[in-house]
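S.K.: Kindly return the folded structure for what I paste below:
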Amino acid sequence: MAAQTDRPLDQFEDFFPIMADNLGEEGLMQELCNGFQLLMDPTRGVITFESLKRNAALMGLDGLGDDELRMMLREGDLDGDGALSQMEFCVLMVRLSPELMDGPRRWLDDVFQQAFGFELGFHQ
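M.R.: Reported below is the predicted structural model:
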């Protein structure tokens, strides 16, 4: 994604490391889960393009166009089903914050191991 400082997603990226520092591991995971709940389609239990578009304003992403929302879904869709599971959403949010990735990474592996039963592989 091109870096544009006036885009809502970039503002989220800048704020994410602060959230991580302030909330700690468990608090960050809870907030990510809360964000997923806000964006997901309650019928399917995943984030679809339609649910993302409908609920994007709740996350401050209302300035993103359809192409940008679709690109977000494609980038995070690890299993190719066209939607984001809770795990895919959490991984995407972490990946969208390169500043967070510059710091210690061990705790991220530990959190994902506890929450989802797998590690991201940062400390192998």
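S.K.: For the rest of this, base every contact and every neighbour count on C-alpha atoms.
M.R.: Will do.
S.K.: in which helix or strand would I find the most centrally placed residue in the chain?
M.R.: By Cα atoms, centre = their mean, the chain has its centre lying nearest to residue 93, at 2.3 Å. Element membership for residue 93, per DSSP states H and E: helix 86-95.
S.K.: go on, residue 115?
M.R.: Going by DSSP H and E, residue 115 is in helix 106-116.
S.K.: distance between that helix and the chain's centre?
M.R.: 15 Å (Cα atoms, centre = their mean, to the nearest Å).
S.K.: go on, stretch 57-75?
M.R.: 12 Å.
S.K.: List the buried residues in it.
M.R.: For stretch 57-75, burial by neighbour count (16 or more other Cα atoms under 10 Å) applies to 61, 62, 64, 69, 70, 72, 73, 74, 75.
S.K.: Can you show me the CA trace of the helix holding residue 115 as PDB?
M.R.: Extracted in PDB, the C-alpha atoms of helix 106-116 (Å, rounded to 0.1, in the frame of the first residue of the first chain):
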ATOM      1  CA  ARG A 106       8.700 -12.500  21.100                       C
ATOM      2  CA  TRP A 107       5.500 -11.300  22.900                       C
ATOM      3  CA  LEU A 108       3.600 -11.300  19.600                       C
ATOM      4  CA  ASP A 109       4.400 -15.000  19.200                       C
ATOM      5  CA  ASP A 110       3.400 -15.700  22.700                       C
ATOM      6  CA  VAL A 111       0.100 -13.900  22.400                       C
ATOM      7  CA  PHE A 112      -0.800 -15.600  19.100                       C
ATOM      8  CA  GLN A 113       0.200 -19.000  20.600                       C
ATOM      9  CA  GLN A 114      -2.100 -18.400  23.500                       C
ATOM     10  CA  ALA A 115      -5.000 -17.000  21.500                       C
ATOM     11  CA  PHE A 116      -4.900 -19.100  18.400                       C
END
